[in-house]
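**Q** pasting the sequence and the predicted coordinates here, then a few questions.
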Amino acid sequence: MSSIDDTFTAARTLADLAAVRDAHAANQPDPSATLDPAAARAVRARAALFAVVPYGQRTTADADDLESLLADLVADLRHLTDQLGIDWHDIVRRAHGYHGDETGRDATATAAAPQVEVIVVRDPDGPCEVETFVDGEPVHFTEYVLDAGAGWQWEDWTEARDENLATASPTVRAALLRHYDEPPGGEYIEDRDDAPWIEPAPSLDPAAAER
């Protein structure tokens, strides 16, 4: 059975969408009170027409190309979130969650994860150059490199380790702790002398606390 409501089956142009909106404008029930799930989805879709149709009537895009029209609207919504300082990716993830709840689908399974792309340019005579993009947009990132076989002295290694652990977010810090515990190539770090890879958290000395 098709999931498309009868009111949308023949909608191909902006004028068609406007006609659907106007035909139901006086009788638009609360979708949360609609018992039929398919009818509730159609009500929610028609509610979107009150934003889509006026936007399409004001844009210079081809009003009969609904895919381009919707893409333009979404792009402008993203520009709006930029101006408001709102995280676009969070909005998209939340929208997927709402859609999953409203369609009875597993929101975690259908949610679109952001596309992360990383470019690493290795210079044999200098440092690497790294660029990171999320959904095609360049983003600031913090790089943590654990290369135990690169000729470390233990004192320098622990200093770098502690700096990384101090600046990382809680989730990244937990991941770093796993990697710092017996890192690959650790046998090449000099002057370690069997010191623990991760120093235990200092305990409070009751006698010191009284002083």
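**A** Nice, thanks for sending it over. Note that this is a predicted model, so its numbers are computed, not measured.
**Q** elements contacting whichever helix or strand Asp72 is part of?
**A** For Asp72, the host element (DSSP states H and E) is helix 66-84. On a contact count with 3 or more Cβ pairs under 8 Å, 6 or more residues apart in numbering; DSSP states H and E, helix 66-84 meets helix 14-24, helix 37-58, helix 88-103. Just so you know, the C-beta spots here come from the backbone N, C-alpha and C atoms, and that holds for glycine as well.
**Q** would you single out the least confident of those helices?
**A** Between the helices and strands packed on helix 66-84, the one with the least mean pLDDT is helix 88-103; it has a mean of 85.
**Q** output the contacting helices and strands for that one.
**A** Packing contacts for helix 88-103, counted by 3+ Cβ pairs under 8 Å, 6+ apart, involve helix 37-58, helix 66-84, helix 107-110.
**Q** would you mind saying which of the ones you listed lies nearest Glu159?
**A** Closest approach to Glu159 among the helices and strands packed on helix 88-103 is made by helix 66-84 (39.0 Å; Cβ to Cβ).
**Q** and for that closest one, what's in contact with it?
**A** Applying Cβ atoms under 8 Å, 6 or more residues apart in numbering, the contact partners of helix 66-84 are 11-14, 17, 51-52, 55-56, 59, 61-63, 87-88, 91.
**Q** neighbour-wise, which one of the residues you listed leads?
**A** Neighbour count (other Cβ atoms under 10 Å) singles out Gly56 as the most crowded of the contacts of helix 66-84, with 24 neighbours.
**Q** can you list the weak-confidence ranges in the protein?
**A** Residues of the chain meeting the criterion pLDDT under 70: 1-4, 34-35, 60-61, 63, 105-113, 201-211.
**Q** could you redo the last one with a cut-off of 80?
**A** Along the chain, segments meeting pLDDT under 80 span 1-7, 26-29, 31-36, 60-64, 104-114, 200-211.
**Q** what residues are up against the closest residue to Arg173 other than its chain neighbours?
**A** Excluding the flanking residues, the one nearest Arg173 by Cβ to Cβ, 6 or more residues apart in numbering is Leu165, at 5.6 Å. Residues near Leu165 by Cβ under 8 Å, 6+ apart: Arg173, Leu176, Leu177, Tyr180.
**Q** quick one: the helix or strand harbouring Leu165 to chain centroid distance?
**A** Element membership of Leu165, judged by DSSP H and E, is helix 154-167. The chain centroid and the centroid of helix 154-167 are separated by 29 Å under Cα atoms, centre = their mean, to the nearest Å.
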